[in-house]
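1. coords please:
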Amino acid sequence: MEGTQRVCKKFTALEAELTCECKTIREPLDSSMDLHNHDGHEILLVLDGAINFYAESGGMLLERGDLICIHELEFHRAALLTKGLYDRIVINIRSGVLKRASSEQTDLESCFQKRAESPLNVVRLMEEEIAKIEEYAKALQESLRDGRCGDEILADAYLKLIMVMVNRHFEKKEFVQHREIMPELVMETFEYIEKHLTEEITLKKLEEYVHHNGTYLSRCFKKVAGISLQQFILAKKISLSCKLLQEGHPPIDVCYMTGFNNYSNFSRTFSKQVGMSPKKYQMQNR
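-> This next block holds a predicted model:
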């Protein structure tokens, strides 16, 4: 499927190591509501409204008080159910920030780990906890934005307060048991792509694996993902490339490790998706 369709940029390189936004709905919705990923972890807390949340590991309904921890490079999207109403807190954090903020006793990154008992990493907060995190998030957002004397110290403190609260929920295994909303056909498609990402993935091979017509499969996938199968496979290859580059593999090796046929095509596609060349990305993420 490689190279048969224009590049649809679905990878976001974070502009800063730490960002925090208290958001309200904006019409029309932007492309971030389609399947996308980041080179950093994300915390999403729903304050008002309802969404169907989809990731590669499944989907579920999220409402007020639901907090989800999304691992870096994991593809995800929100499908709005309450038109014009979607208030939330979104925190994006690079792994290095959490490593520096952690201690020998407490790993603040643990809430992003995959767990068999909770594939989507969702916990539900009580009203007093929602109010506390909203207070801390607004203060964190202000500290990151204003740049006054001591704001970097305050930002570090507010981040730690939020992350300790979140991780205590995961330590107690207070996971939300969700009703799976992702069609089995789409789940199987994600699984196949994950297993065969470094190979050539064709619609015919997918048809044989899921035992469904390719046209129907493509339609079902796009309904859930918001983007086409071709766009997702290409974006997924770029995501794997980012991971391998971060691990120190030479860009030329990464090209062939991720199933691209030649380096010039890989470099061009990577640059369009990520906004910089593979070499530059690797230098900035050592």
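2. doesn't residue 44 fall inside a strand?
-> Yes. Looking at residue 44 with DSSP: H, G, I helix; E, B strand; the rest coil, it is inside a strand.
3. check the gap between it and residue 254 for me.
-> Look at residue 44 and residue 254: by Cβ to Cβ, to the nearest Å, they are 30 Å apart. All C-beta spots, glycine's among them, are computed from the backbone N, C-alpha and C.
4. repeat that for residue 143.
-> Separation of residue 143 from residue 254 (Cβ to Cβ) stands at 37 Å.
5. what stretches of the chain score poorly on pLDDT?
-> Counting by pLDDT under 70, the ranges of the chain that qualify are 1-9, 13, 26-32.
6. which parts of it are strands?
-> Remark: strands assigned in the chain by DSSP state E are 11-12, 18-23, 37-38, 41-49, 51-55, 58-62, 66-70, 76-80, 86-93, 122-124.
7. closest one to residue 248 among those?
-> When these are compared by Cβ to Cβ, strand 11-12 sits nearest residue 248, at 19.6 Å.
8. hmm, who's touching the closest one?
-> Identification of contacts with strand 11-12 by Cβ atoms under 8 Å, 6 or more residues apart in numbering yields 32, 36, 37, 38, 39, 235, 238, 239, 242, 273, 274.
9. now do 10 Å
-> Contacts with strand 11-12, where a contact means Cβ atoms under 10 Å, 6 or more residues apart in numbering, come from 32, 36-40, 73, 75, 92, 235-236, 238-239, 241-242, 270, 272-275.
10. domain map for the protein?
-> Domain assignment for the chain, taken from automatic domain parsing, gives 11-171, 184-284.
11. would you format those domains as TSV with mean neighbour count and distance to residue 177 included?
-> As requested, these are arranged in TSV below (neighbours: other Cβ atoms under 10 Å; distance: least, Cβ to Cβ, whole Å):
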stretch	mean neighbour count	distance to residue 177
domain 11-171	17	8
domain 184-284	17	18
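12. which residues touch the spatially closest residue to residue 262 that is not a sequence neighbour?
-> Nearest residue to residue 262, sequence neighbours excluded (Cβ to Cβ, 6 or more residues apart in numbering): residue 255, at 7.5 Å. Contacts here follow Cβ under 10 Å, 6+ apart; on that basis residue 255 touches 241, 244, 249, 261-267, 269-270, 278.
13. give me that answer again for 8 Å
-> Neighbour list for residue 255: 241, 262, 263, 266, 267, 278 [criterion: Cβ under 8 Å, 6+ apart].
14. all good on my end, thank you.
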